[in-house]
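> My questions concern the predicted model and sequence given below.
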Amino acid sequence: MTIIAPKSSATRYASIAIVSLLGLLMGAAVLSADEHEGQAASDSWLPSLMTETPQEGFALAVKLSQKGVATTQTDAEVRKELRPEYAADPNSLIAISHVIATHFQTVAAANDYWRE
């Protein structure tokens, strides 16, 4: 019988971060392939996941979430039309909080949780 030791928390977080980062990089590739919301393909909106503080990391997590929505629904007018529906829906607001939290986990891991 083979006994497999459970992964440490650090290993588990690193695995999550790697999978999340791959998803982010794939999203960045999609954005750089097209012009998006008036930005030329050569503009880099995600030069790094590194931030100076956790607060800047959270702001980056919010931006990643916004970019994800804009990448999924490229028509700004449609997004504007849909906003009143999800803005008043508690389940939608909880869902976006979860997405932001997932992105924040990735940014925090990339920044070694802001340890010195």
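Cool, the structure landed.
> State whether L49 is indeed within a strand.
No: according to DSSP: H, G, I helix; E, B strand; the rest coil, L49 belongs to no strand; its state is coil.
> Quick check on it: phi, psi?
L49 has phi and psi values of phi -90, psi 0 when expressed as degrees, to the nearest 10.
> ok, it - how many residues close by?
By the criterion of other C-beta atoms under 10 Å, L49 has 20 neighbours. Backbone N, C-alpha and C define where each C-beta goes, glycine included.
> Tell me the predicted confidence for it.
L49 is assigned 97 on the pLDDT scale.
> Pass me the low-pLDDT residue ranges in the chain, would you?
1-42 (pLDDT under 70).
> got the residue ranges for the helices in it?
Taking DSSP state H as the test, the helices found in the chain are 9-33, 54-72, 76-87, 90-110.
> Can you check what angle separates the shortest one from helix 54-72?
Interaxial angle, helix 76-87 versus helix 54-72 (axes from the mean of the first three to the mean of the last three C-alpha atoms, to 10 degrees): 120 degrees.
> Who are the packing partners of helix 76-87?
helix 54-72, helix 90-110 (3 or more C-beta pairs under 8 Å, 6 or more residues apart in numbering; DSSP states H and E).
> contacts for that helix?
If you take C-beta atoms under 8 Å, 6 or more residues apart in numbering as the criterion, helix 76-87 is touched by 37, 69-70, 73, 92-93, 96.
> Among those, which one sits closest to T102?
I96 (10.6 Å; C-beta to C-beta).
> The closest one against S65, yeah?
Yes: contact criterion C-beta atoms under 8 Å: I96 and S65 qualify, at 6.5 Å.
> Looking at the two, which is more packed in?
Just comparing I96 and S65: by other C-beta under 10 Å the higher neighbour count belongs to S65, 19 against 15.
> ok, the more buried one touching I100?
Yes: assessed by C-beta under 8 Å, S65 is found in contact with I100 at 5.0 Å.
> and the contacts of helix 76-87, which two are the farthest apart?
It's E37 and L93 that sit farthest apart of the contacts of helix 76-87, by C-beta to C-beta, at 23.4 Å.
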